[in-house]
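*Asks:* next input, structure requested:
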Amino acid sequence: MRRQRSARSLVILGSVVGVLAGSFACGGGGGSPTSPGGGGGGVTVISSDGGTGGASGATVTITSSGVSPSSVTVAVGQSVTFINNDSRSHQIASNPHPQHGSCPSIEAGLATLAPGQTRTTHAFANGGTCGYHDHLDDSNRALQGTIAIQ
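*Replies:* Numbers count the residues shown, from 1 in each chain. Predicted coordinates for the structure are as follows:
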């Protein structure tokens, strides 16, 4: 009886760990690195514990033409600053659309950026690549990009 209970507990624990690990995987879902389905092929990138953490290692500017630059690279422990210089709001979210959540550092720090607003992601705790897009205009390729963390 005790052996059965222990084996069952391990199976349940393994399932929970698998689900949690999958929810933090960066990218997945196929597609190219800048499409809502792409962005890193299963690399884990999680936000630092609480707070926004490290200094900004890159800045992405949003205009009516899109994001610039569309790809940035930061060091582990740094964050990315997004500046909305467009006349409308944008909601930057990690891939894949519409589930999001592949890069909690993006989800935790950004939310909706009103015109003229600046927000910074949480610090990226380990290496990988995160794809992102504007949730309010998810099919617009000009509003998609990648963050490489080294």
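
*Asks:* only C-alpha atoms for contact and neighbour calcs from this point on.
*Replies:* Fine.

*Asks:* show me what residue 58 is bridged to.
*Replies:* residue 80 (DSSP bridges).

*Asks:* what about it, neighbour count?
*Replies:* 18 (other Cα atoms under 10 Å).

*Asks:* for it, give me its contacts.
*Replies:* 72-74, 79-81 (Cα atoms under 8 Å, 6 or more residues apart in numbering).

*Asks:* including neighbour count, could the residues you listed go into JSON lines?
*Replies:* As requested, those are exported to JSON lines (neighbours: other Cα atoms under 10 Å):
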{"residue": "72", "neighbour count": "17"}
{"residue": "73", "neighbour count": "17"}
{"residue": "74", "neighbour count": "19"}
{"residue": "79", "neighbour count": "29"}
{"residue": "80", "neighbour count": "26"}
{"residue": "81", "neighbour count": "18"}
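
*Asks:* for residue 126, grab phi and psi.
*Replies:* phi -150, psi 170 (degrees, to the nearest 10).

*Asks:* how many residues are close by it?
*Replies:* For residue 126, using other Cα under 10 Å, the count is 18.

*Asks:* mind jotting down where the helices sit in the protein?
*Replies:* Taking DSSP state H as the criterion, the chain carries its helices at 2-24, 104-109.
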